[in-house]
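# have a look; sequence and predicted model below, questions after that.
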Amino acid sequence: MQTFLNTVVQDLQTKSDSFSNYTIILPSKRAGVFLKDEFKKCLHKTVILPRIISIEDFIEELSNLNSIDNTSLVFEFYKIYLEITPKDQVETFDAFCNWATIVLNDFNEIDRHLVDAKNLFDYLKDIKRLEVLLEETDKKTSLIKKQFSFFEKLHSYYTNLTELLLSKKIAYQGLQYREAVENLQLLIANTTDHHYVFVGFNALNKAEERIFTELLDNNLASVYWDVDGYFYSIEDNSTSFIRKYITDWNYYKNDPYQNFSSEFSKNKNIQLIGTPKKISQIKYASELLDTFTENNYNSTAIVLADESLLTATLNSLPDMVQSVNITMGYELKNIPLYTVFQQLFRLHLYKKNQKFYYKNVINFLRLPQVRSLFENERNFEKLITNITKNNYSYITYNQLIKLTDDKGFSKISSLFDNWNDNASTGLAACLDFIEILKENTSETLPKEHLFRFFRAFNQLKTLNDTFNYIKDIKTLYSFYQQIIRNEKLSFKGEPLSGLQVMGMLETRVLDFKNLIITSVNEGILPSGRTENSFIPYDIKVEKGLPTFKEKDAIFSYHFFRLIQRAENIYILYNTENDSYGSGEQSRFITQLELYKENDIQKSIVSSAVKPVLESNKSITKSNSLQENLKDLALKGFSPTTLTSYILNPIEFYKQRILKIKEVEEVEETVASNTLGNIIHKTLHHLYLPHKEKVLTEDSIKELMQKAPKEVDKWFSEEYTNGNIETGKNILIYNVAQQFVKNFLQSELDAVKEGKIIKIIALEHDMETTIHVDSLDFPIKLTGQADRIDEANGVLRIIDYKTGKVEQNQLNIKDWALLTTDYEKYSKSFQVLFYAFLYTKINAINLNESKLESGIISFKNLKSGFLKVNKAFVEENDLALFTEQLKALIKEIFDMNIPIIDNKVSYN
């Protein structure tokens, strides 16, 4: 396979023996490395190589202007904005940045394409004026007027910014191009014995066109286009730019261009492979590499149309690949250090009343880079536990200091100082933090990462010291993200050997025998109609500015140029649809299927995934487990313990035998069990002075007056350090107050209607033992009834529920299901358990006494006291309950019945 660069070198050799007076200009710097290698291969004697530079370097030299980075450009632009804009209309720097980058991008395109800026902005202003005039008078809002005012100022922004930058001898790329064209005649006049060679270009902007044509017409340059005759002959969209140049330029009218390649028409092995999801493409690409020999890697490239897959690609390369050259650069936002500073900013951005949100604190402290600063791992765990234990949903700096005495934490304690929403303070803290991390790091790579972040923050500090535009942390964070997104960490390696991993733009002028191209989907290759611009599409077309159509043609050229010389081509695309419509193969694939129908094999690949039914987990009961169960029985089975077994024996085993507790977390929102505790304790302490007394209207009214303060008291006790002044918590607090008020009102209404209610016991602890056949030890049963009273002479055992309970949940239709169906009968089981305990302890004969056992549901107060089976508890009820209770206990202790997991999941 003869590469394009090889043909260029060989052709140059036929034209000259000496290259010292040649300058070869390429689309990218990387291409220069490969061109030098071609010279090395083709030259058989010692000669001075031509000067080889990129087009960006050539334009910078010709313009005599230094490049300005995008971040600095925004600061310079804001300076102009402040000078032009009336003070009462000035936006904050943060708001300005939201649209400034779009305007600057438009300025760049205007200059690159040598558009008359005044003419364009006047045209745009006139269109906006017409839109305002045609708008109905009553609809001419201040926003519309403000928008028109903005378009009126665009030309002033442009001219003043241009003058400022030129005075400082700096420029953005478009301005460099415009100035380069201005200096072109001077270059031509001063060039007598020098030749410029433009290699591998395609879509030229107007400035480049002017430079190319002027140098060609003056016989100071030559151009090598890389275009295949097949695409040129069928007038494919990929050749639209080059076809236009060859057709329109005067240079080619006397000497028509003939150097078309014919590589695409040769036989090729082309495989189109659809895979579900992005990662599947990378995994399959790795499998393809496994089929290559080691020697083939030197002529193989993986081209990532979606460059975000670089990390996944590097992690998936097979072991056989020993040498890799990565051309793209690794984005700093993918480095762990990016997350460290992101979390640090979140700490200060989401503070409330000088308190840090606990999740942000914990997330920051748990970062490996921060965690490693602690001298003792136990101290770190203790700090996290203390935050949770004290239920700090928001925590102050002083509270944090009190929770740990670790000397390592003292190193970073300054990060929790009050930044006072001041950008300078935040920048200083970030730079200090980098020094702390540097002292704690001995490895070279992390230090390189730290240096890059130091450079980014230092740039922001320098700019802010100069301009003082970044006032607050939000704006600082925005610029931090902007700088980091544009920064990449270059990989060091031998660019001419091993497997090449590159993005689509890095492939310009390069050729490979074996190609693996990933993510060849619509919306990625080509990228689609995503354009940020204040210049409408039709005006762009009229003024000769590029639109999405030109961008599609550019990527079409890159794609078909890349594959035209390759022999083995593997094109992968994502078949999986998502909400953004990906899953559609690129139009380039469809074209390729038409052009190379006989060379293409198409397939869909996917991993074989079968749903596997997970077998029930089970634990065989051993003698030691039996002893643990016996100890539990001797301490006492409560209704909660037994219903947890009914719900899921495995969870019963974990909680009651292994003593595994749920991880304690900060209770950011009042939990349902906390609300229940507050209601229970409020009512208990309100009614406690009235124990053994009959309730009267006056006594209940007295309770109603005391209730609000009692609720407040128990919120403070049960919801430690919690905030009940905002969000869901204020709603839950009001619900608690309303629950108590409604309950007391229902009691008052009952007394007014003549019901005689006497409080007998509150939060009454009960305990008894029973004997179960086949067990040689007694079983202790324990329980606590929320309230026991008499209503019109009928004994009532009452359980409070803050959740909603319906009567049908207390109706027992099938006693055999009482200890197996948790959903239907767990509440009936609980209140019958209390009835059983109370009657057994107090030797109550239900044939002679009336007893009701049930629930008062605070979310269903209108239903009143919900009784088991809507009736009195009878001796037969307790006999049937006892039978089921003993059967349940026998099952728990039966050595032949394993402890099983009731929940079955699918993988």
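Happy to help now that I have it.
# show me what contacts the nearest residue to Phe380 once chain neighbours are set aside?
Nearest-residue entry for Phe380: Phe374, 4.3 Å, with adjacent residues in sequence omitted and distances by Cβ to Cβ, 6 or more residues apart in numbering. In short, each C-beta sits where N, CA and C put it, glycine included. Residues in contact with Phe374 (Cβ atoms under 8 Å, 6 or more residues apart in numbering) are Phe380, Asp406, Gly408, Phe409.
# mind running it again at 10 Å?
Phe374 makes contact with Leu365, Phe380, Glu381, Lys382, Leu383, Thr404, Asp406, Lys407, Gly408, Phe409, Lys411, Ile412 under the criterion Cβ atoms under 10 Å, 6 or more residues apart in numbering.
# and Ser262, by the same measure?
Ser262 touches Asp228, Gly229, Tyr230, Gln564, counting by Cβ under 10 Å, 6+ apart.
# roughly how far does the first one sit from Pro256?
Read that as Asp228. Distance, Asp228 to Pro256, by Cβ to Cβ, to the nearest Å: 17 Å.
# quick one on the thing from earlier: phi and psi next, for the residue nearest to Phe380.
Backbone dihedrals for Phe374, given as degrees, to the nearest 10, come out at phi -70, psi 140.
# give me the pLDDT value at it.
Per-residue confidence at Phe374 stands at 85 (pLDDT).
# try Tyr822
pLDDT, Tyr822: 87.
# which ones are touching it?
The neighbours of Tyr822, taking Cβ under 10 Å, 6+ apart as the test, are Thr643, Ser644, Tyr645, Ile646, Leu647, Asn648, Phe829, Asn902.
# buried residues, whichever strand or helix holds Phe107. List them.
Element membership for Phe107, per DSSP states H and E: helix 93-112. Buried residues in helix 93-112, counted by 16 or more other Cβ atoms under 10 Å: 93-94, 96-97, 100-101, 103-112.
# of all these, which two lie farthest apart?
Asp94 and Arg112 (28.5 Å; Cβ to Cβ).
# centre of the chain versus stretch 601-609, how much separation?
Relative to its parent chain, stretch 601-609 has a centroid offset of 29 Å by Cα atoms, centre = their mean, to the nearest Å.
# returning to that earlier point: now for the contacts of Tyr822, which pair is the farthest apart?
Farthest apart among the contacts of Tyr822 by Cβ to Cβ are Phe829 and Asn902. That separation is 16.3 Å.
# neighbour-wise, which of those two wins?
Phe829 (23 against 13; other Cβ atoms under 10 Å).
# out of the contacts of Tyr822, which is nearest to Pro446?
The closest of the contacts of Tyr822, once distances to Pro446 are taken by Cβ to Cβ, is Asn648, at 46.2 Å.
# just checking, the closest one touches Asn902?
Yes. Using Cβ atoms under 10 Å, Asn648 is in contact with Asn902, at 4.6 Å.
# grab the nearest non-local neighbour of Leu43.
Once flanking residues are discounted, Leu43 sits nearest to Gln13: 7.7 Å by Cβ to Cβ, 6+ apart.
# quick one, what contacts that neighbour?
Residues near Gln13 by Cβ under 10 Å, 6+ apart: Phe19, Phe39, Cys42, Leu43, His44, Val47.
# look up how far Gln281 lies from it.
Distance from Gln13 to Gln281, by Cβ to Cβ: 41 Å.
# for Arg210, same thing?
In terms of Cβ to Cβ, Arg210 sits 42 Å off from Gln281.
# neighbour count winner among the two?
Between Arg210 and Gln281, counted using other Cβ under 10 Å, the more crowded position is Gln281 (31 against 16).
# ramachandran coordinates for that one?
Note on Gln281: backbone dihedrals following degrees, to the nearest 10 are phi -60, psi -40.
# thought it was touching Ser606?
No. Between Gln281 and Ser606 there is no contact under Cβ under 10 Å: 11.2 Å.
# need the next SSE after the helix or strand Phe433 falls within, C-terminal direction.
If you go by DSSP H and E, Phe433 is part of helix 423-439. Next in sequence after helix 423-439, counting helices and strands by DSSP H and E, comes helix 444-467.
# low-confidence regions, the stretch 251-400 of the chain specifically.
294-295 (pLDDT under 70).
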